[in-house]
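Asker: Here is the input, now give the coordinates:
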Amino acid sequence: MTCAQGETCDISPPGVTAALPPGLRLHLLRGFTKVYPGEEAEPNGCTRVLRLPQTVSLDVGHLYGGLAITGRLQVPGVLRYEPNDGGEWMFVPDASALAGGGRFFRAKFAQIKLDEALPARPVPPTAALRQADCWQARGQLDATDFDVVVGDTSAAGTYARRARVSGLHGFAACRWGGP
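Answerer: Model prediction:
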């Protein structure tokens, strides 16, 4: 589904599915979004449609553009501070915490951007890490409602709208751009 130039057309995604953990659901496809039913994406082979001719699973097919996912996600993982073009704050859930979803969920929620999440509260590192370019700490993420942007720019990623990270411990320096 795409929109004509200049249109904004967020729509409920009938015919688009993905295996998500309990409590999360696909809510809206964002304007200018393209959906490919097969395993190989064809960026130039998509025509504008208002209704999908078949059900498309994002665990098999592909999406280019954006969608909204509503619900709550509570997962353990690593909070990472690493300033770059895509933002400064991200949360990397433990792989085992992503096991409740399909291919789309595991790929798109492997890193959750927190720069736009409310409430916006900077997390202070330990004194030894205040000058570090990159630091991380283990903790628990409690986040609700997400915008997923799929594309080939630094804006691509999964953004939590509301998030709180608690129980931070194990602060350590990290390598910028590394794991």
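Asker: helix, strand or coil for the spatially most central residue of the chain?
Answerer: Ranked by distance to the mean C-alpha position of the chain (C-alpha atoms, centre = their mean), the top residue is T158 at 1.6 Å. When classified by DSSP: H, G, I helix; E, B strand; the rest coil, T158 comes out as strand.
Asker: Isn't it up against R106?
Answerer: No: T158 lies out of contact with R106 (C-beta atoms under 8 Å); the separation is 11.4 Å. In this view, the C-beta of every residue, glycine as well, is placed from N, C-alpha and C.
Asker: top strand in this structure by residue count?
Answerer: Ranked by residue count under DSSP state E, the longest strand found in the chain is strand 62-84.
Asker: Let me know the next secondary structure element after it.
Answerer: Following strand 62-84 in sequence order, the next helix or strand is strand 87-93 (DSSP states H and E).
Asker: now the angle between strand 62-84 and that following strand, please.
Answerer: Here the directions of strand 87-93 and strand 62-84 differ by 120 degrees (axes from the mean of the first three to the mean of the last three C-alpha atoms, to 10 degrees).
Asker: Check which element follows strand 87-93 along the chain.
Answerer: helix 103-108.
Asker: after that following helix, next one along is what?
Answerer: For helix 103-108, the following helix or strand on the C-terminal side (DSSP H and E) is strand 112-113.
Asker: how far away is the closest residue to W135 other than its chain neighbours from V75?
Answerer: Distance criterion C-beta to C-beta, 6 or more residues apart in numbering; nearest residue to W135, sequence neighbours excluded, is L129 at 4.4 Å. When C-beta to C-beta, to the nearest Å is the yardstick, L129 and V75 sit 23 Å from each other.
Asker: go on, S57?
Answerer: Here the criterion is C-beta to C-beta. By it, S57 lies 23 Å from V75.
Asker: Same check on P125?
Answerer: In terms of C-beta to C-beta, P125 sits 21 Å off from V75.
Asker: pLDDT below threshold where in this structure?
Answerer: When the per-residue scores of the chain are filtered using pLDDT under 70, the ranges that remain are 1-14, 31-32, 36-54, 179.
Asker: rerun at 90
Answerer: Segments of the chain classed as low confidence (criterion: pLDDT under 90) are 1-18, 26-68, 83-87, 100, 116-128, 130-133, 150-155, 175-179.
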